[in-house]
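S.K.: One predicted model, sequence on top.
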Amino acid sequence: MRFILRRLAFYLVAFLVAATFNFLIPRLMPGNPADVMLAQAQGTLPPEAREALMETFGFINEPLYLQYLKYLGSIFTWDFGLSVKYYPTPVYDLLARALPWTLFLTGTATLVAYALGTLFGIRAAWRRGSRFDSIVSPLALALQSIPPVVVAITALFVFAVTLNWLPAGYAFDPSLEPSLSGPFLSSMFFHALMPVLSLSIVLVGGYLITMRNNMIGQLGEDYVHLAEAKGLSDARVRYNYAARNAFLPSITAFAISLGAVFGGSLITEVVFNYPGLGNLLYMGVIARDFPLIQGQLLIMTLAMLSANFVVDIAYVVLDPRLRRA
Amino acid sequence: MGTTRMGRDVYTQLVWGTRTSLMVGILAGFIVTLIGTVVGLTAAYYGGATDEALNFATNVVLVLPQLPLLLVLAAFLGQVGPLSIAIIIGLTSWAWGARVTRAQAMTLKNREFIQASQLIGEPAWRMILVEMLPNLLSIIGFNFIGSVIFTIITQATLEFLGLGDPLSVSWGTMLYNAKNASAITVGAWWEMAAPCVAIVIIGVGLSLLNFGVDEISNPRLRTLGAIGKAMKLQKKLDRARLAEKEA
């Protein structure tokens, strides 16, 4: 319990740091949302409107610490201000629309990649030096250093443009009404297939290598030899003895990889025009939509911290030594 | 390699882009390694409150989503040149290296030769630079090469998203221009393929180099070499058994 509370306190501070960055960046850097809006309006807005716009976007004529406190207050009430590009839609609404898609994409892709990587890693370590190991492990090393953008573009070119098997963009066929019907779900599935798989390919290499190396370490331990000497079946020694203990460090590696997961989904969404947070962020960046970009960064930080927290809890559940401490 | 849809020569751009990408990668790798090593070593050597503070900072940077943060910084700076991209990436990506360096330096701290030099009364700078640093070279090298790969990939990504300076020529801006000319949808694959293949080759090449360096500097980590040895040993045993059966 104390462990969990300590982690929670840490995440709270980390979130505050991110919020502070978010507050400081636009105030330290050139450019501000009001000027962007004035430029977009191309002279249809009177110059006097600038003052009002600045206020709308939180640049109030007050001491910095008051601005900061107001900013923090607005964050904790989920008020991220109004989007510049989609004015006057609140940023919160845009984010709420995009978040489920990103969670769906990253969730499925990590699950697929983690399951495949772990299983293959166990197998490669168990038969170290076998043909399986000597093909899969170097391949995983190579996959690790191929950027998501290359994987996504290649998949898009091969399967959507050349072979025309899968749709090239969007999360579902725009002519269908969103519902729980068969045609809609199948359209969603086919639209998700390529983004999910290309994101999984990017992630699988790292998980495989970590699991393989942990597993090799465990296989040298005495308790594994004892289990073998007792005459337990191969599968039992492999999964119930060695893999279970090799699993713990691989979960830590999983937590560290979460940043790469969100980064990868960002690129994948842009390439496949998938309506998640990454694509929204991209639109925001192109239009220099500062409130949208800032809301994004906060939501992504929040998502990442929550995912880390879930991993922490999983760690406590899996490792009884931590429960007592 | 043909020309782009705008009539520019792909090969010339690729060669010129290699220069930019490598320069950015090495510069950012240098910054990352410098910060990571200084933070990691200081935290491990001094311990106590210094360690707590530095470790806390490292962990915070580690849990912040990096690519979105980079995007935001790049967006506020306007269209940034390759040099600024290198500096931004360098300043935001040091956490992993610091963590690994710290962990490794901590294990060194309890070794006998460190305790011996402590008893002789060596000053702190000598302890860190002469006693500890040489033993950490393999991990620092690993960190450097890893950061170069990461930077080259990230730079290409940022530029692909349109955050770079479109007038500078690099692999990322090549991808960006190809995307803007919708090269993929009209089937002009060579425009995309050239920078993609270049990034993949340098990424895979550098990571293989990394594992090579690792194997040379740290015999205990010889994973790939061990496979080869194990296989040779197995073959030898098999042959011996066959010979025994025949005899």
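M.R.: Received the coordinates, thanks. Numbering: from 1, shown residues only, chains lettered A, B, ... in the order given.
S.K.: List the buried residues of the longest helix along chain A.
M.R.: Assignment by DSSP state H gives helix A:182-219 as the longest helix of chain A. Going by neighbour count (16 or more other CB atoms under 10 Å in any protein chain shown), the buried part of helix A:182-219 is A:187-188, A:191-192, A:194-216, A:218-219. The way it works is simple: take the backbone N, C-alpha and C, and place the C-beta from them, glycine included.
S.K.: residues in the stretch 151-300 of chain A within reach of chain B, list them.
M.R.: Residues of the stretch 151-300 of chain A lying near chain B by CB under 8 Å from any CB of the partner chain: A:153-154, A:156-157, A:161-162, A:168, A:213, A:216, A:256, A:259, A:262-263, A:266-267, A:270, A:281-282, A:284-286, A:288, A:290, A:293-294, A:296-297, A:300.
S.K.: so where's chain B uncertain?
M.R.: By pLDDT under 70, the low-scoring segments of chain B are B:78-79, B:183, B:185, B:187, B:214-233, B:247.
S.K.: Residue numbers of the stretch 1-150 of chain A in contact with chain B?
M.R.: Counting by CB under 8 Å from any CB, the stretch 1-150 of chain A comes close to chain B at A:10-11, A:13-14, A:17-18, A:21-22, A:25-26, A:29-31, A:128-129, A:133-134, A:137-138, A:141-142, A:144-150.
S.K.: Is it possible to mark the buried ones in these?
M.R.: A:10-11, A:14, A:17-18, A:21-22, A:25-26, A:128-129, A:133-134, A:137, A:141-142, A:144-150.
S.K.: got any ranges where the stretch 201-325 of chain A has weak pLDDT?
M.R.: Using pLDDT under 70, the stretch 201-325 of chain A drops low at A:322-325.
S.K.: who's in contact with the residue of the stretch 201-325 of chain A found nearest chain B?
M.R.: Of all residues in the stretch 201-325 of chain A, A:Gly263 sits closest to chain B, at 3.4 Å by CB to the nearest CB. The neighbours of A:Gly263, taking CB atoms under 8 Å, 6 or more residues apart in numbering or on different chains as the test, are A:148, B:65-68.
S.K.: what do you get for A:Ile153?
M.R.: A:271, B:175, B:184, B:192, B:196.
S.K.: Swap in 7 Å and give it another go.
M.R.: Contact partners of A:Ile153, counting by CB atoms under 7 Å, 6 or more residues apart in numbering or on different chains, are A:271, B:184, B:192, B:196.
S.K.: how much space between it and A:Leu143?
M.R.: In this view, A:Ile153 and A:Leu143 are 16 Å apart by CB to CB, to the nearest Å.
S.K.: mind checking how far stretch A:102-119 is from the chain centre?
M.R.: On the basis of CA atoms, centre = their mean, to the nearest Å, stretch A:102-119 is displaced by 11 Å from the centre of the chain it belongs to.
S.K.: Nearest the middle, which residue of the chain would you pick?
M.R.: Assuming you mean chain A. A:Phe262 (2.4 Å; CA atoms, centre = their mean).
S.K.: sorry, should have said chain B
M.R.: Closest-to-mean residue, chain B, CA atoms, centre = their mean: B:Gly146 / 1.7 Å.
S.K.: Quick check on that residue: phi, psi?
M.R.: phi -60, psi -40 (degrees, to the nearest 10).
S.K.: Give me the neighbour count for B:Gly162.
M.R.: 19 (other CB atoms under 10 Å in any protein chain shown).
S.K.: wait, is it part of a helix?
M.R.: No. Counting by DSSP: H, G, I helix; E, B strand; the rest coil, B:Gly162 is not part of a helix but coil.
S.K.: okay but it is in contact with A:Arg288, surely?
M.R.: No. With contact defined as CB atoms under 7 Å, B:Gly162 does not reach A:Arg288; the gap is 11.2 Å.
S.K.: And the helices in the stretch 151-300 of chain A?
M.R.: With DSSP state H, counting those that start in this stretch as the criterion, the stretch 151-300 of chain A has helices at A:182-219, A:222-229, A:234-235, A:244-272, A:277-286, A:290-318.
S.K.: Got the phi and psi for B:Ser93?
M.R.: Per-residue torsions, B:Ser93: phi -110, psi 20 (degrees, to the nearest 10).
S.K.: so what's the nearest residue to it once chain neighbours are set aside up against?
M.R.: With sequence-adjacent residues excluded and distances taken as CB to CB, 6 or more residues apart in numbering or on different chains, B:Ser93 is closest to B:Val32, at 5.2 Å. Residues near B:Val32 by CB under 7 Å, 6+ apart: B:90, B:93-94, B:97, B:147.
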